[in-house]
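Novice: After the sequence you'll find the predicted model.
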Amino acid sequence: MELSCKDCTFYLPVDVFQGLCKISKAKILPDDAFCREAGKLPKCKFCHHFTEEKDYLGKCKGTTLAYHDMVASKCADFEWIQQN
């Protein structure tokens, strides 16, 4: 899975097309490459309970609809996927 700036905790969206990096203060695009200073933001697509069913749509624990890019920082059931 390719990570981009929109998956970073330091990405601040300004509008749909651009954002700011909270570290460098530079203007960046959401799909720019993930840099080495980046921290991965908890999102549904990184959760153990998320199952993708269609493009950009899936289910949490097999019951609740969820978007893969939905931020899950306040989710009580969020668990990081184990990376090999």
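Specialist: Yes, it's here. Numbers count the residues shown, from 1 in each chain.
Novice: Name all residues that make contact with the closest residue to Val71 other than its chain neighbours.
Specialist: Leaving aside its sequence neighbours, Val71 sits nearest to Lys43 (Cβ to Cβ, 6 or more residues apart in numbering; 5.8 Å). (C-beta placed from N, C-alpha, C; glycine too.) Lys43 makes contacts with 7, 68-72, as judged by Cβ atoms under 8 Å, 6 or more residues apart in numbering.
Novice: Is it correct that Asp7 is in contact with Leu41?
Specialist: Yes. At 5.6 Å, Asp7 and Leu41 qualify as touching, with contact defined as Cβ atoms under 8 Å.
Novice: So if I had to pick from the two, which one is more boxed in?
Specialist: A direct count of neighbours by other Cβ atoms under 10 Å for Asp7 and Leu41 places Asp7 higher, at 20 against 17.
Novice: Distance of the more buried one relative to Asp69?
Specialist: 8 Å (Cβ to Cβ, to the nearest Å).
Novice: Can you pull the phi/psi pair for Glu52?
Specialist: Backbone torsions of Glu52, given as degrees, to the nearest 10, read phi -80, psi 130.
Novice: Count the neighbours of it for me.
Specialist: For Glu52, using other Cβ under 10 Å, the count is 13.
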